[in-house]
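>>> how would this look folded up:
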Amino acid sequence: MSPPDKDAVLDLFACAYRGSPDALAAFVATYPEHAEDLVDYANELNLQRECGAKRSITPADEAWIETEVGRMSATRAAAVDPFAGLQPAQFAETRKALGVPSVVVEAFRDRMVNVVSVPLPFLDRLAGQLRVGLAELVQFLEGPPRLAPNLAFKADVAPRAPAVKMSFASILGQAGVSPDRAAALLAEDD
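All right, here's what the predicted structure looks like:
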């Protein structure tokens, strides 16, 4: 069975979101490839809900909505890659400062980690190591997963980034981080 297309996902989301605003997080987690469209649609549904009780949406309202959605999409697309200029020595320093294997830092670089599963103190330390603000780092990490830059492959078909992000706990487990160290990283609080 093939995954549902974007329009089907948005239709399902609209029904679920009208009943529960919490549906946005669930749909973004389930369909990360449609995350931007889901957030835009949620904003549109919220605006319709607010305007619906007062008056109908006019063509001017629709034009304003389109402009705002385009502006938000452009802002998201312009997210700065904090890993872009990271030299090998800085990468090693970051890994050591965080006390994690290289593969964990690579998972963040490739946006494979579901940012909501990462304790805030860890994100804050990572942002400090990358010399960016926490908000900039989160904005970057919320983007879709990607393949490592300069990835070489020998195959008939080019590799693709996974469609679903992983939890921080899963990344730590797959990286071979000891259970005690993983528990300490996951238990960090403000």
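>>> gap between the most centrally placed residue in the chain and residue 32?
With the centre of the chain defined as its mean C-alpha position, the nearest residue by C-alpha atoms, centre = their mean is residue 142, 2.1 Å away. Here residue 142 is placed at a distance of 9 Å from residue 32 (C-beta to C-beta, to the nearest Å). In this view, the C-beta of every residue, glycine as well, is placed from N, C-alpha and C.
>>> What about residue 177? Give its phi and psi, please.
The phi and psi values for residue 177, taken as degrees, to the nearest 10, are phi -70, psi 140.
>>> residue contacts, it?
Neighbouring residues of residue 177 by C-beta atoms under 8 Å, 6 or more residues apart in numbering: 100, 101, 104, 185.
>>> still on that earlier bit, spatially, and excluding backbone neighbours, which residue is closest to the residue nearest to the centre of the chain.
Taking C-beta to C-beta, 6 or more residues apart in numbering as the measure, residue 142 lies nearest to residue 115, with 5.9 Å between them; neighbours along the chain are not counted.
>>> Now do the contacts for that neighbour.
Applying C-beta under 8 Å, 6+ apart, we find residue 115 in contact with 123, 138, 141, 142.
>>> quick one: which of those residues is nearest to residue 170?
Within the set of the contacts of residue 115, residue 141 lies nearest residue 170; the separation is 15.3 Å, counting by C-beta to C-beta.
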